[in-house]
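*Asks:* curious how this folds, go ahead:
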Amino acid sequence: MPALVTVIKKWYQASSNKQKLTVFLLAFSLLITGLLLAFGGGSTTSADPLGSTPLYFASAFVKLLVVLLLIVGSSMIFRRWQQVGTGGKPSRQMRVLETVRLSPKQALHLVVIGDQNY
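*Replies:* I've put the predicted structure just below:
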């Protein structure tokens, strides 16, 4: 058990704020889901779903659509959140300043990496 605590402490010190937030949200959602399943109580409807309500399939379809929209929306937010740089474009450390053709199969490139030219 103490080894697990040291591994968690090392990860916590080495991880970024985004990683910490992601793990927190995952743990929170798992905890809430477990609590809802544990204390949600049993269903009071009959075993036959067709006899429970006349709008059973409509409500099930609406719930399915809500869950799908939540999945798509959270994936869009997560994808945008994971992008690096401003404006959604990744910041680049290496750029080609100039290219000179020496022959049809050879070229000379001037490259900038950080603050240095190569």
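
*Asks:* packing partners of the helix or strand hosting His109?
*Replies:* Secondary structure assignment for His109, by DSSP states H and E: strand 106-113. The helices and strands touching strand 106-113, judged by 3 or more CB pairs under 8 Å, 6 or more residues apart in numbering; DSSP states H and E, are strand 94-103. For glycine as for every other residue, the C-beta is placed from the backbone atoms N, C-alpha and C.

*Asks:* output the lowest mean pLDDT helix or strand found in the chain.
*Replies:* Ranked by mean pLDDT, DSSP states H and E, the weakest helix or strand in the chain is helix 49-52, scoring a mean of 57.

*Asks:* the residue sitting furthest away from the middle of the chain bridge partners, please.
*Replies:* The outermost residue of the chain relative to its centre, with distances by CA atoms, centre = their mean, is Ser103 at 46.8 Å. Residues in a beta bridge with Ser103, per DSSP bridges, are Gln106.

*Asks:* do you know how far it is from Val96?
*Replies:* 19 Å (CB to CB, to the nearest Å).

*Asks:* ok, now Phe57?
*Replies:* Phe57 is 59 Å from Val96, by CB to CB.

*Asks:* over to the residue nearest to the spatial centre of the chain. Which of the three states is it?
*Replies:* Taking CA atoms, centre = their mean, the centroid of the chain lies closest to Phe78, which sits 4.0 Å from it. Under DSSP: H, G, I helix; E, B strand; the rest coil, Phe78 falls in the helix class.

*Asks:* let the chain start at 124 from now.
*Replies:* Understood, numbering begins at 124; the last thing we discussed is Phe201.
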